[in-house]
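Asker: no sequence for this one, just the structure:
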């Protein structure tokens, strides 16, 4: 039949598995694929294009004899050894997307004669975590007990986000691939990642995570910038991967958010995880981990609490419903700082609207409305 495409069946099974589906389950939902797999029928170009969109694979890949080698050029630290070597497709595509944004912004800022950010790669693995914590606080202009000034976790998170973006870091909050609600990024796959650059460092925070947990991730990623190491992590149970970089970044995050002296004084007053967590505006799991590290609870007590806590969090997530203002959400998914640079470049005729749409993930009237609302 005219328009049919000869395709290697192995490429079909690879694409299905790459998208996170089991072949038999996928075929049950889309029966026509079965004929392609057993070579009794060939797909048309239109059918193969539809298939490529459904499995999020570039059309050209499907015409190859063998799957292409896909990798990210940053380390991905996992606490679950069974998952090493497997990268969630939605996480992969998000990293690639933000690397594209970073490449554009870095070049743009260099062309505009912006200075390099002095805190990037300022320290290394031989630096004490205390020194890094103190320098981060000084750079962000936040005092030791800054989070205690706020009543809610959301307020502390907003304050920290503004402080981080004010020093030149682009902070992106999202739990899906750009604006595609059918492509979620599970917290257990990735809590966050950071892309180091002297001009345009990018930080991704999984917004599906709890607000208090996001605070920990943000400081953990900041520490990566200070030692100049891009990375992604899942940070299961808040137990870092067995890597010196992750161990140092976790120590920085813990001390920044829950200073040792202040924690011990409060713990002596009241040994209550929820009370202490509310005081420091972090999650109870962070306080439990801090208590474990400082020797005031046992490892057994920590894991008993962890199992109970995760069941409770799962219960809360099951009760959550979607919704919300798209443009308010877009501010966090794109970052107002990044959007401001894109908007300025468009005004200066240094960027076409088509390029602006691609960089922001917003198109046509949606892009125009977003920009008009923010600037």
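Answerer: All right, it came through fine. On a predicted model such as this, the values are computed, not experimentally measured, just so you know. Numbers count the residues shown, from 1 in each chain.
Asker: and stretch 148-165, how far out from the chain's middle?
Answerer: Its chain's C-alpha centre and that of stretch 148-165 lie 18 Å apart, by Cα atoms, centre = their mean, to the nearest Å.
Asker: And it, what's buried?
Answerer: Residues of stretch 148-165 classed as buried by neighbour count (16 or more other Cβ atoms under 10 Å): 153, 156-157, 159-161, 163-165. For the C-beta atoms, the positions are set from N, CA and C on the backbone; glycine is no exception.
Asker: Kindly report the same for stretch 129-139.
Answerer: By 16+ other Cβ under 10 Å, the buried positions in stretch 129-139 come out as 129, 132-133, 135-137, 139.
Asker: Show only the entries of those residues found in strands.
Answerer: Using DSSP state E, no member of those sits in strands.
Asker: circling back to that earlier point, which ones among the buried residues of stretch 148-165 map onto helices?
Answerer: Counting by DSSP state H, these place 153, 156-157, 159-161, 163-165 in helices.
Asker: Include pLDDT when you put these into CSV, please.
Answerer: What follows is these, written out as CSV (pLDDT from 0 to 100):
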residue, pLDDT
153, 85
156, 92
157, 93
159, 95
160, 96
161, 96
163, 97
164, 98
165, 97
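Asker: Make CSV out of those residues and add distance to residue 145.
Answerer: Shown next, in CSV, are these (distance: Cβ to Cβ, whole Å):
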residue, distance to residue 145
153, 15
156, 11
157, 16
159, 13
160, 14
161, 19
163, 15
164, 18
165, 22
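Asker: Please enumerate the helices of the stretch 151-300 of the chain.
Answerer: With DSSP state H, counting those that start in this stretch, the ranges of helices along the stretch 151-300 of the chain come out as 153-166, 211-227, 244-257, 260-269, 273-280, 284-293, 299-319.
Asker: Need the winner for burial among the ones you listed.
Answerer: helix 211-227 (a mean of 24; mean count of other Cβ atoms under 10 Å).
Asker: what residues are up against residue 309?
Answerer: By Cβ atoms under 8 Å, 6 or more residues apart in numbering, the residues touching residue 309 are 284-285, 288.
Asker: how does it look with 10 Å?
Answerer: Going by Cβ atoms under 10 Å, 6 or more residues apart in numbering, residue 309 touches 237, 273, 283-285, 288.
Asker: next SSE after the lowest-mean-pLDDT helix or strand in the chain?
Answerer: Scoring the helices and strands of the chain by mean pLDDT, DSSP states H and E places strand 76-77 at the bottom, with a mean of 66. Next helix or strand after strand 76-77 toward the C-terminus (DSSP states H and E): helix 89-111.
Asker: model confidence over that following helix, on average?
Answerer: Across helix 89-111, the average pLDDT comes to 94.
Asker: Show the low-confidence segments of the stretch 251-375 of the chain, by residue range.
Answerer: Counting by pLDDT under 70, the stretch 251-375 of the chain shows low-confidence ranges at 312-324.
Asker: Without its sequence neighbours, what residue ends up closest to residue 305?
Answerer: residue 288 (5.1 Å; Cβ to Cβ, 6 or more residues apart in numbering).
Asker: contacting residues around that neighbour?
Answerer: 237-238, 273, 276-277, 297, 301-306, 309.
Asker: if you set the cut-off to 7 Å instead, what comes out?
Answerer: Neighbouring residues of residue 288 by Cβ atoms under 7 Å, 6 or more residues apart in numbering: 273, 297, 302, 305-306.
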